[in-house]
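>>> Using only what follows, build the 3D model:
(one chain, ligands or ions: 1)
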Amino acid sequence: MGQGWDYQLPTTWCAATAAKCIWAKANLAGQKQQSFCHARANNMKTIAIIEDEKLLGNELKRRFEREGWRVTHSPRIEDARRLFIELGFAPAIVLSDMNLPDGNGLDFLEEARAHNVQSEWIFLSGYGTRKDIERAADLGALDFLAKPLDFHKLDLTIATATRGAQARQRIDDTTRQAVERFSPESFIGPSDAAAQVRNMLVQLGKVPITSILIGGETGTGKGLVAKILHYSGLRKDGPFIDLNCAAIPKDMLESELFGHESGAFTGAKGRHRGLMEQADGGTLFLDEIGEMDIGLQSKLLTSIEEQSFRRVGGEEKISVDIQLVAASNRDLRAASARGDFRLDLYHRISVFEMALPALRDRNEDIAPIVANLISEFNARSGKQVQTVPEPVMAILQSYGWPGNVRELRNVIERSVMLANGPELPGEWLGISPSPLTPGTQVPAMTGAGAGATTSEDTSPITHALANDTKTASGQMGDAARSPVEPAITLPLDGSVSLEEMEEKIIRKALALNGYNVMATVRALGTTRETLRYRIRKYGLEDLLGQTG
Ligand SMILES: Nc1ncnc2c1ncn2[C@@H]1O[C@H](COP(=O)(O)OP(=O)(O)OP(=O)(O)O)[C@@H](O)[C@H]1O
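Numbering: from 1, shown residues only. Coordinates of the predicted model:
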């Protein structure tokens, strides 16, 4: 029996590609496998039985095969070891006896886990001590079923295991896609500055880092770099959790980050796991960290240093293992010098610091980024844009891009969506060819649909906004006297992206409210933090100097 372990593979399964792969490899006794892509890819309805009791093993095998499972049956650990570890077979579910002729099932589970075998593991045992059960649970086994088997209970456990395996498969697939998508190469650009960013990302991907600070203007790719750091680094199999500190009201940020216990504050109904806890084993990306309240900064510092924290209203210390990636488009060193940001936190998070270059400082990157964006939007829209005419590229390359790659992305998206042939049309760019400095107001868009108001505008958005702004101006005495037309037209024909709409709304609302931030906050029904963040995001700070 010990020699011909491959006889265990059932004939029904041998016809399948996955089994052929294993079968072929099995006959190359002792040779290391090259690839088990098929076995790994087709494992959703696969079950491995490790059971030396012949009658029970055969009965289980027949039962699962009748239900369409692909089944392997190994009477000894040695056989299972070959399948799982040497041949890289990863079944969805393992049904294993505890006491096998050549060893203990628990020891084998431990060995398999060390080789990254993630199958749902169910033990079958005539007897199991409390210690065994605890060890099985620690090793991530799903259940412990007593012999003689209750088949109804077995079916229920298999159903649970299947759901667990499917969920794990979905996570694995998503992670695999993200790992492919967010490699250092996805930070595009042949410029030296972009190459330096990629080199740094490659280096950082090889070492365990606890914290890193990414700087750079809005739209330069800080979010992209955070994902690359996670998905090309040592923690890629852990969670990636992100939080924009400017988008959450200050009084909610603490509980969002650290979680809370039931009744910790009015409205805290149940226990809430914060983002810190959710990021355990992975990366926590804190965007716009400069917007965090100074009091909360101190709690964050302690939690990073101690890798532990308490939920709001909680006593228990919760330990976590987190890599912190922080980003800000403010100069945090200067903010620390002014006392607006904690210096000790700045030092802690800037162990590694990356400053992303503005797009206008790396003109040679524009063409390849445009090419990449065109192929992305071609694929999405079914358009076939193949070339960018010289005059169009000249405009793209001479513009100042205050919103950096994000702004370029929006411009290309709009142009591809409205293209009618193989050339990228120039009429929808909506940008001035003259270089702009950051914060300079981008000229109004030109062309149909770019903010042109028609007398017969039936867009529900137009009317809704017109009504809102009228109400707002009714509340604000100054705004009511504003010469600014209290309505805005937003074409819904794809010519204006959602972000551009948002920018237009904010511009208009600021103008209507005499460039008063609090009045605009009330008119838009938002928070000061959110509005301030968006003003910076769209480079509208200069507008605040104006008077109504
Ligand atoms: N070098 C690059 N190559 C390809 N795409 C890029 C590059 N830099 C940025 N992008 C893309 O530009 C868009 C904006 O980038 P991202 O959101 O990461 O900017 P950000 O610096 O985080 O902006 P903000 O400060 O406003 O949050 C994203 O779609 C991102 O994938």
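
>>> How about Ala279: what's its closest non-neighbour residue?
Spatially, and ignoring its direct neighbours in sequence, Ala279 is nearest to Ile241 (4.1 Å; C-beta to C-beta, 6 or more residues apart in numbering). Yep, even glycine has a C-beta here, placed from its N, CA and C like the rest.

>>> Can you give me the buried ones in stretch 502-515?
For stretch 502-515, a neighbour-count test (16 or more other C-beta atoms under 10 Å) marks 503-515 as buried.

>>> Just the residues you listed: which are in helices?
The helices, defined by DSSP state H, take in Glu503, Lys504, Ile505, Ile506, Arg507, Lys508, Ala509, Leu510, Ala511, Leu512 from the buried residues of stretch 502-515.

>>> hang on, isn't the last one packed against Arg522?
No. Using C-beta atoms under 8 Å as the test, Leu512 is too far from Arg522 to be in contact (11.6 Å).

>>> quick one on the thing from earlier: can you list contacts of the helix or strand the residue nearest to Ala279 falls within?
Using DSSP states H and E, Ile241 sits within strand 240-244. The contact list for strand 240-244, computed with C-beta atoms under 8 Å, 6 or more residues apart in numbering, reads 178, 223, 226-227, 230-231, 256-257, 275, 278-279, 282-288, 533.

>>> Quick one: low-confidence residue ranges for this structure.
1-43, 126-128, 264, 266-268, 432-487, 493-494, 545-548 (pLDDT under 70).

>>> Quick check: the residue of it nearest the ligand.
Gly221 (2.8 Å; C-beta to the nearest ligand atom).

>>> Show me which residues of this structure sit near the ligand.
Residues of the chain lying close to the ligand by C-beta under 6 Å from any ligand atom are 187-189, 194, 216, 218-224, 287, 329, 369, 405-406, 409, 537.

>>> 5 Å instead, please
Residues of the chain lying close to the ligand (C-beta under 5 Å from any ligand atom) are 187-188, 218-224, 329, 405-406, 537.

>>> Spatially, which two of the residues you listed are the most separated?
In the residues of the chain next to the ligand, the most distant members under the criterion C-beta to C-beta are Ile188 and Lys537, with 21.6 Å between them.

>>> Centre of the chain to the strand holding Ile241, how far?
8 Å (C-alpha atoms, centre = their mean, to the nearest Å).

>>> Now, the contacts of strand 240-244 that are in strands?
Residues of these located in strands (DSSP state E): Thr283, Leu284, Phe285, Leu286, Asp287.

>>> does Glu353 sit in a helix, a strand or a coil?
strand (DSSP: H, G, I helix; E, B strand; the rest coil).

>>> Please name the bridge partners of it.
Leu213 (DSSP bridges).

>>> quick one: buried residues of stretch 184-200?
Neighbour-count burial for stretch 184-200 [16+ other C-beta under 10 Å]: Pro184, Ser186, Phe187, Ile188, Gly189, Ser191, Ala194, Val197, Arg198, Met200.

>>> Now rank the ones in strands among the contacts of strand 240-244 by neighbours and give me the top one.
Neighbour tally across those (other C-beta atoms under 10 Å): the maximum, 28 neighbours, falls on Leu284.

>>> right, and the pair among the buried residues of stretch 502-515 with maximum separation?
Farthest apart among those - using C-beta to C-beta - are Glu503 and Gly514, which lie 18.9 Å from each other.

>>> all strands of the stretch 51-200 of the chain, in order?
70-74, 93-97, 99-100, 103-104, 120-125, 143-146 (DSSP state E, counting those that start in this stretch).

>>> Output the second one as CSV, restricted to C-alpha atoms.
In this case it means strand 93-97. The C-alpha coordinates for strand 93-97 follow below in CSV (Å, rounded to 0.1, in the frame of the first residue of the first chain):
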residue,chain,number,x,y,z
ILE,A,93,-11.9,20.5,2.6
VAL,A,94,-9.9,17.9,4.6
LEU,A,95,-11.6,15.2,6.6
SER,A,96,-8.9,13.7,8.8
ASP,A,97,-8.7,11.0,11.4
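
>>> Which strands or helices does it pack on?
Other elements packing on strand 93-97 under the criterion 3 or more C-beta pairs under 8 Å, 6 or more residues apart in numbering; DSSP states H and E are strand 46-50, helix 105-114, strand 120-125, helix 151-181.

>>> again with the fifth one
The contact analysis (3+ C-beta pairs under 8 Å, 6+ apart) places strand 120-125 against strand 93-97, helix 105-114, helix 130-138, strand 143-146, helix 151-181.

>>> Which residues does it contact?
Under C-beta under 8 Å, 6+ apart, the answer for strand 120-125 is 51, 56, 92-99, 105-106, 109, 132, 136, 139-147, 149, 157-158, 161-162, 164-165, 168.

>>> ditto for stretch 298-318
210-211, 254-255, 257-265, 268, 271-272, 274, 276-277, 292, 319-322, 324, 342, 344-345, 348-349.

>>> Which ones among those residues map onto helices?
Glu254, Ser255, Leu257, Phe258, Met276, Glu277, Asp344, Leu345, Arg348, Ile349.

>>> Among those, find the one with the greatest number of neighbours, please.
Ile349 (27 neighbours).

>>> Distance of that one relative to Leu356?
16 Å (C-beta to C-beta, to the nearest Å).

>>> coming back round to it: now the buried residues of stretch 184-200 as JSON lines including distance to Ile248?
What follows is the buried residues of stretch 184-200, written out as JSON lines (distance: C-beta to C-beta, whole Å):
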{"residue": "Pro184", "distance to Ile248": "30"}
{"residue": "Ser186", "distance to Ile248": "28"}
{"residue": "Phe187", "distance to Ile248": "27"}
{"residue": "Ile188", "distance to Ile248": "31"}
{"residue": "Gly189", "distance to Ile248": "32"}
{"residue": "Ser191", "distance to Ile248": "35"}
{"residue": "Ala194", "distance to Ile248": "32"}
{"residue": "Val197", "distance to Ile248": "28"}
{"residue": "Arg198", "distance to Ile248": "32"}
{"residue": "Met200", "distance to Ile248": "29"}
